[in-house]
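1. no sequence on this one, just coordinates:
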C-alpha cells in the first residue's frame, strides 16, 4: 500500500471520529435537556382531591364515575361501587406522570401512537376527563398505546385540545368499558375463618356443616341422617371455600333478576369473627345456565369465641396459638360496609361458585353401603368349610324348621343361633357385625341388603349351606 492510500485512509478515519464525537455530544445533550419538557398537568396532585366526576371514553362507550359521600360509583351501573384498585392506578398515573419525549403533532400520524380522538373509526385511544363538583375540567387526557419494546410504564398521550403528543413514564391505566371500573370482588372470606355453613335446598331440606374442633379444623355434617356417610373433607369444605375470591360476572338491581329464575337455595355462613352471611342463589335455565345471587351481611357477637380464662388463671389457660378474632369494631364496620354494598343488588356469579353454594345432602354424603346382620347357618356334607355329615336335603329340612321357629319368635333369633347354627358366629348369637358389599357370598349379600332393619329372610343357599339372615341395623 502506497503512502497516498494510507493518507486517504487516515483522513477518512479522522472525519469519522469527529462525526462520532459530535453525534455523542448531541445525544448526550438531548438526554440532559429535560428542562424544556413540559409538565402536562401543573399542580395536579393538589387538585385530585377536588375530583368529583371522571369520564372514560373509548370508541364504544363513555363510562362515568361519580364520588358521593366519599365513595366512588359507576353511574352506568346505577352507581354500583367502583374498583379502588382501578381508581388508584388512574390517580397515581396522572400524579406521577413524567414527560420523556416530544412525539408527533401531525394528526395523520396519531393512529400510530393511538392518540387520535376516541370517537374516530377503529380508534384504540381512551379519553379521560376529570371534573370538579361544579363541572369544570381539572384534567383531560387522551391515553394511547404503550411504547413498542419499551418499559411497561411508557406510553403515548396527548391533551385533547393540543396537537402535540408525548411519550411519558407513568403507571397510568385507563381501560375502556364498564367492566373495567366495577369492584367485582363480592367477598373474600378465608375458608378457615368460617365456623359453620347451613345449606337449604329448594325443597326446604337442610344440611348443617360444622367444624369438628374449632378454627381451621376439618368439617363434618352435624345433621347427618342415619344410613349416610359423609363425603371426603375436600368436598365438605366446598361451600365455605366458595366465599373466597368470590367475584361477579355481572351485577343488576335485585328487581331485575330474570323472571324465569327458579330453584332458590340459601347458604348461611357464620365466621368465628362474628359475621353472618346469607346468600340466596337462583338458577336460570339456558346454555350455559346462569346463576344469580343476593347477599345479606350482619354481625352477631355471640358467634365470637368466648374468653374462658378468668383473671385468676388467665396465664395458665392462655394459648398463644389459639385463634384470635379481629377486633369487634373492625368486624362491625366491615359488615356495615358490605351490607350497604349488597343491598338492592343481584350478582351473576360463575357456575362453579354457585354450585358449591347450592350443595345438597346427596352432594355431601352417600348412603351407607353397609348393613349389620346375624345369621343361622345349616351346613351339610360337601359344602364349603363344612364338617357336618348330614345330607343337603336333611340340611334343607332342618333350615325350614328353624325358619319357622324364628319367624314365630323373632326376639329369640340369637338364642336359636347359638343352639343350632353351624357357623363360626354361633357363640355370638350369629352376629356378623357390620359389613359392606363385596365381603359376603353374592346370594347372602343380595338378601342381607334387601332386608330392612329387624326383618328376617327366607332360606338363602350359598356354597356354605343354608342361611337364615336377620338384619339388625
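-> In hand now; what should we look at? In this text the structure is predicted, and so the values were computed from the model without any measurement.
2. helices of the stretch 251-400 of the chain, start to end?
-> Here the stretch 251-400 of the chain has its helices, by DSSP state H, counting those that start in this stretch, at 314-317, 328-342, 351-357, 361-364, 392-408.
3. for the third one, which positions count as buried?
-> When you say that, I think you mean helix 351-357. Buried positions in helix 351-357, judged by neighbour count with 16 or more other CB atoms under 10 Å: 353, 354, 355, 356, 357. Backbone N, C-alpha and C define where each C-beta goes, glycine included.
4. highest mean neighbour count out of the helices of the stretch 251-400 of the chain?
-> helix 351-357 (a mean of 19; mean count of other CB atoms under 10 Å).
5. and for that helix, what's in contact with it?
-> 199, 238-239, 241-242, 246, 265, 267, 279, 281, 283, 288-289, 291, 293 (CB atoms under 8 Å, 6 or more residues apart in numbering).
6. for the stretch 251-400 of the chain, what spans make up the strands?
-> For the stretch 251-400 of the chain, the strands defined by DSSP state E, counting those that start in this stretch occupy 262-271, 275-284, 290-299, 345-348, 365-367, 370-378.
7. so which of those is nearest residue 159?
-> For those, the distance to residue 159 is smallest for strand 345-348, at 37.4 Å, taking CB to CB.
8. ok, that closest one: who's next to it in the sheet?
-> Strand 345-348 has the following strand partners under DSSP bridges: strand 250-253 (antiparallel), strand 290-299 (antiparallel).
9. export these to a markdown table and tack on mean pLDDT and distance to residue 48?
-> Compiled in a markdown table, the strands paired with strand 345-348 are given as follows (pLDDT from 0 to 100; distance: least, CB to CB, whole Å):
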| stretch | mean pLDDT | distance to residue 48 |
| --- | --- | --- |
| strand 250-253 | 96 | 27 |
| strand 290-299 | 97 | 31 |
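10. CSV for those, including distance to residue 208 and mean neighbour count?
-> Below are those laid out as CSV (distance: least, CB to CB, whole Å; neighbours: other CB atoms under 10 Å):
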stretch, distance to residue 208, mean neighbour count
strand 250-253, 30, 16
strand 290-299, 19, 20
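11. in JSON lines: the ones you listed, plus distance to residue 380.
-> Output for those, formatted as JSON lines (distance: least, CB to CB, whole Å):
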{"stretch": "strand 250-253", "distance to residue 380": "74"}
{"stretch": "strand 290-299", "distance to residue 380": "63"}
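12. and residue 378, which of those is closest to it?
-> strand 290-299 (59.6 Å).
13. picking that back up, ranking the strands of the stretch 251-400 of the chain by burial, who's on top?
-> Ranked by mean neighbour count, the strands of the stretch 251-400 of the chain are led by strand 370-378 with a mean of 24 (mean count of other CB under 10 Å).
14. so which elements touch that strand?
-> Secondary-structure packing of strand 370-378 (3 or more CB pairs under 8 Å, 6 or more residues apart in numbering; DSSP states H and E): helix 392-408, helix 413-420, strand 431-436, helix 442-450, strand 465-471.
15. now do the strands in the stretch 51-200 of the chain.
-> With DSSP E, counting those that start in this stretch as the criterion, the stretch 51-200 of the chain has strands spanning 53-57, 62-68, 71-74, 80-81, 98-102, 126-131, 137-146, 154-158, 165-169, 185-187, 194-200.
16. let's have the strands of the stretch 251-400 of the chain in a markdown table, adding distance to residue 440.
-> Converted to a markdown table, the strands of the stretch 251-400 of the chain look like this (distance: least, CB to CB, whole Å):
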| stretch | distance to residue 440 |
| --- | --- |
| strand 262-271 | 40 |
| strand 275-284 | 43 |
| strand 290-299 | 45 |
| strand 345-348 | 51 |
| strand 365-367 | 18 |
| strand 370-378 | 9 |
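17. could you tell me the least trusted of those strands?
-> Sorting these by mean pLDDT places strand 365-367 lowest, at a mean of 85.
18. ok, residue 197 to residue 358 distance?
-> 12 Å (CB to CB, to the nearest Å).
19. what's the overlap in contacts for the two?
-> With CB under 8 Å, 6+ apart as the test, residue 197 and residue 358 both reach residue 267.
20. for the stretch 1-150 of the chain, which segments count as helices?
-> Using DSSP H, counting those that start in this stretch, helices in the stretch 1-150 of the chain cover 3-32, 44-47, 84-95, 110-113.
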